[in-house]
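>>> need the 3D shape of this:
(chains A and B)
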Amino acid sequence: MATTDVPAGAVRRPAAPRERRPTGPPGEPRAVGYLYIAPALLVFGAFLLWPIIRAVWLSFYEWDGLGLGTFVGIDNYREVLTDPELLAPFGHALVLVVFFSLLPVTVGMALAAMMSRTALRGLGFFRTMLFLPQVVAMVVVGIAWQTLYQPEGFVNDLLRAVGLDGFTRAWLGEPSWALVAVGFVGTWFTSGLCLVLFLAGLAKVPRELYEAARLDGAGPVQEFFAVSLPALRGELAVALTLTIIAALRTFDLVYVMTSGGPGGRTRVPAYEVYDRVFVKSEVGTGMTVAVLLTAVILLVTVAINRLAEGADE
Amino acid sequence: MSKSPSSPWWAALGAALVLSVTACAPGSSPNGGDEPEPSEVETDVASMGDITLTVWDQEVRGGQAEQIEALNKAFQEEYPNIKIERVSRSFEDLQRTLRLAINSNDAPDVVQANNSRSGMGAFVTAGQLQPLDPYAEAYGWDERFPESVRAVSSYSEDGKTFGEGNLYGLPQTGELVGVWYNRSKLEELGIEPPQTWEDFESALTAAKEAGEIPIQFGNLDAWPGIHEFGFVQNAFVPREEVRDLGFGREGASWTTPENTEAAEAIAGWAESGFFTEGFNGLGYDPSWQAFAKGEGVFLISGTWLLADLQAALGDDLGFMLPPVGSTGELAVTGATGLPFAITEASENADAAAAYLDFITSDEAMGMIQEAGNLPVLETDAEATGQAQSEVIDAWKEASGEDALTPYLDWATLDSYDVLSAQVQDLLGGSTTPEDFLSTLEEDYTSSLEE
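All right, here's what the predicted structure looks like:
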């Protein structure tokens, strides 16, 4: 497969002092280049590549983390892909994608389009405020929102204050609302990021384009689809990548706010990995979930980038 | 993005596949079984030479930290040739890191391990803890500790049977899940602390009618529900059966008429509004803190709250054993604090055993009590308040009558998850008592088969 490897000769034969470069096809990088990247490669290998390899390796074993592991082939994968208890977390993660990614991107896009049409006083201030959630550690966000969601917490107080007494509930304790409640925190968390990204993107669009569109008789909606949206393609890809990854790898929010409850309805893959490996001593199953989660994230990222690139051509 | 087929991802996957076939399995095989047990036990600490003992504990909260620091100091003063290196971590941290450390070359000598199957049980299976029986004989621990206390630190040599077999650890403190009550609120309602199940339920009704929260309860963290259910189960199910279930023994079953009664009773409480409103969405800490502020008549929880509650409520705080239910016998969920164990890797097991003996001695129990905790053994020291003396009396009565039942989530490796989720659903009304019990039964039987 790998036909474009280091030319064998280049490695074995050190470059003669006078030769500017050793023999090899024209355009081939010099072997010494590998020396330059060696430090980074070592760090990458030791802290990223090796753990990944080890995770994949462990996913083929049944191991309690203490005794001797047993090789079980692809049994762990079969279990994860067929056990409804292990598939449910992946379904929950998809719900979170809606809240972490689709909602904020849509809302952020609409807000950005509106804000860029009118000169808003104090735009810098609003931008900063909306971006603030990104600066706060996720654990702090989780603890704060858990307090807000308590039965006697701020959210219910607010609902009562506006007369919506019937709508108050134990947000994190109700089967049909817990995941939505967790997801909404994600919306709050990523909306500002999306908005700021899109505002920055729109700022680059030449005013003339809008003027031309208006002269052609385009309304605000047509203007958005004809000028703003195409200009934002790059930002859209970045926003989608960041937020979808944030949704899929969610752990801290669930760990802090619900510990997977009520009745396992907010368990997500990353929480499952932690629970299997560190709590239940099912290292193999946990690693399998981790490997699958990594694969899903990788696929989604590649797909989004392909789409963004493809649209450019 | 690189589109080359030789990108690191594929290389990694390929390498991993090769590795998975050729490399040896992770972990190491148990090494405890083959070695001959030490035939002679040395108890003369002064003659052992200079030794450093590494001790990992989780006694980090106020009163607990105070007693263990004082004991470590006293031990080193008595035996100057021994130096104690203490590593203290919170309960959760200790659970996570211990698994990694106990496997490594510089494993600690003494560790505080959780009694559960996933804790001590797993370590015993992997041969990483030393059986303490030779030392128990030398130091007379069998006389010092009653059997019910030793049972919760005992496993068979393969770690499969819990509650009997070799002794693997010694605890310092006791733990009970009983009833905390607000004395002045009970007086306002004109009720004596209820001694029978009927009285308890009518007290709950009276409290509800008076507009009080009958039982302060927060179950967002999911585990408090296990204690709440265990409390009700103890009233309906004979304690020997609860013990079989808790220790994960063959022949026990969840789908009995008694268990059904218990599940129906607690579901009925939830329906009648005996718990705090929205309990499944209320955290454990906010809930007991609300009780400490005077919200709620009863709080069903553990004696580990003693120091905090006593500080907040003072003499308004009362503690009592669970009222006796239809079984006609006292039964209370309870056990010991985390036991101290000696690792297989320790080269100074004799010194470690002397340390264990020291921190569970009579004087040690006195110091534990003075620091505001519940010592596992009786002591002459003065109680620090009315609530503490009630807790101590309750512990004496419960351990004296052999009334302790184990935590239900000890049963199997999965039972914590299954039980906590199922109790949330049962109390929230999204499952029926029958489905609740059959799910538990399914987990129970499938774990026993493994």
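>>> quick one, what contacts residue A:97?
Counting by Cβ atoms under 8 Å, 6 or more residues apart in numbering or on different chains, residue A:97 touches A:244, A:247, A:248. In this view, the C-beta of every residue, glycine as well, is placed from N, C-alpha and C.
>>> of all these, which comes closest to chain B?
residue A:244 (15.9 Å; Cβ to the nearest Cβ).
>>> is it true that that closest one touches residue A:300?
Yes - between residue A:244 and residue A:300 there is a contact under Cβ atoms under 8 Å: 5.6 Å.
>>> between those two, who's got more neighbours?
When residue A:244 is set against residue A:300 and neighbours are counted by other Cβ atoms under 10 Å in any protein chain shown, the residue ahead is residue A:244, at 24 against 18.
>>> quick one: the more buried one is in a strand?
No - counting by DSSP: H, G, I helix; E, B strand; the rest coil, one finds residue A:244 to be helix, located in no strand.
>>> dump the residue contacts of it.
A:97, A:100, A:101, A:297, A:300, A:301, A:304.
>>> what helix or strand is the first one located in?
Following DSSP states H and E, the helix or strand that holds residue A:97 is helix A:84-97.
>>> in that helix, what's buried?
Residues of helix A:84-97 classed as buried: A:86, A:89, A:90, A:92, A:93, A:95, A:96, A:97 (neighbour count, 16 or more other Cβ atoms under 10 Å in any protein chain shown).
>>> want to throw the contacts of residue A:244 into CSV with secondary structure and pLDDT?
Shown next, in CSV, are these (DSSP: H, G, I helix; E, B strand; the rest coil; pLDDT from 0 to 100):
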residue, secondary structure, pLDDT
A:97, helix, 96
A:100, helix, 96
A:101, helix, 95
A:297, helix, 94
A:300, helix, 93
A:301, helix, 92
A:304, helix, 92
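>>> out of those, who's the most crowded?
residue A:100 (27 neighbours).
>>> quick one: that one and chain B, what's the gap?
22 Å (Cβ to the nearest Cβ, to the nearest Å).
>>> distance check, that residue against residue A:245.
Computed as Cβ to Cβ, to the nearest Å, the residue A:100 to residue A:245 distance reads 9 Å.
>>> what's the answer for residue A:271, then?
Counting by Cβ to Cβ, the gap from residue A:271 to residue A:245 is 16 Å.
>>> just residue B:294 next, same as before
To residue A:245, residue B:294 is 47 Å away according to Cβ to Cβ.
>>> neighbour count: the two, which is higher?
Taking other Cβ under 10 Å, residue B:294 and residue A:245 do not tie; residue A:245 has more neighbours (18 against 12).
>>> what's the more buried one in contact with, if anything?
Applying Cβ under 8 Å, 6+ apart, the residues near residue A:245 are A:297, A:300, A:301.
>>> now swap in residue B:291 and tell me
Contacts of residue B:291 by Cβ under 8 Å, 6+ apart are B:180, B:182, B:216, B:299, B:309.
>>> please identify the helix or strand for it.
Using DSSP H and E, residue B:291 falls in helix B:284-292.
>>> what element comes up after that helix heading to the C-terminus?
Next element after helix B:284-292 (DSSP H and E): strand B:298-302.
>>> so what's residue 169 closest to, chain neighbours aside?
No chain in the question, so chain A it is. Spatial nearest neighbour of residue A:169, excluding adjacent residues (Cβ to Cβ, 6 or more residues apart in numbering or on different chains): residue A:177 at 6.2 Å.
>>> meant chain B actually
Distance criterion Cβ to Cβ, 6+ apart; nearest residue to residue B:169, sequence neighbours excluded, is residue B:339 at 2.8 Å.
>>> and that neighbour, what's its pLDDT?
At residue B:339, the predicted lDDT confidence score is 95.
>>> measure it to residue B:113 for me?
In this view, residue B:339 and residue B:113 are 7 Å apart by Cβ to Cβ.
>>> give me the common contacts of those two.
Shared contacts of residue B:339 and residue B:113, defined by Cβ under 8 Å, 6+ apart, comprise B:120, B:168, B:169.
>>> quick check: phi and psi at the second one.
Backbone geometry at residue B:168, expressed as degrees, to the nearest 10, gives phi -120, psi -10.
>>> now swap in the last one and tell me
The phi/psi pair for residue B:169 (degrees, to the nearest 10) reads phi -160, psi 160.
>>> for it, give me its contacts.
Counted by Cβ under 8 Å, 6+ apart, residue B:169 has contacts B:113, B:115, B:120, B:129, B:132, B:153, B:339, B:340, B:341.
>>> tabulate these (a markdown table), appending neighbour count.
Below are the contacts of residue B:169 laid out as a markdown table (neighbours: other Cβ atoms under 10 Å in any protein chain shown):
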| residue | neighbour count |
| --- | --- |
| B:113 | 27 |
| B:115 | 25 |
| B:120 | 27 |
| B:129 | 26 |
| B:132 | 27 |
| B:153 | 25 |
| B:339 | 28 |
| B:340 | 25 |
| B:341 | 28 |
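>>> from those residues, which land in strands?
B:340, B:341 (DSSP state E).
>>> among the contacts of residue B:169, which pair sits farthest apart?
Using Cβ to Cβ, the contacts of residue B:169 span at most 14.1 Å, a distance reached by B:115 and B:132.
>>> leaving out sequence neighbours, find the closest residue to residue A:41.
In space, residue A:41 comes closest to residue A:34 once its chain neighbours are excluded; the distance is 7.9 Å by Cβ to Cβ, 6+ apart.
>>> a helix runs through that neighbour, doesn't it?
Yes - Residue A:34: assigned to a helix according to three-state DSSP.
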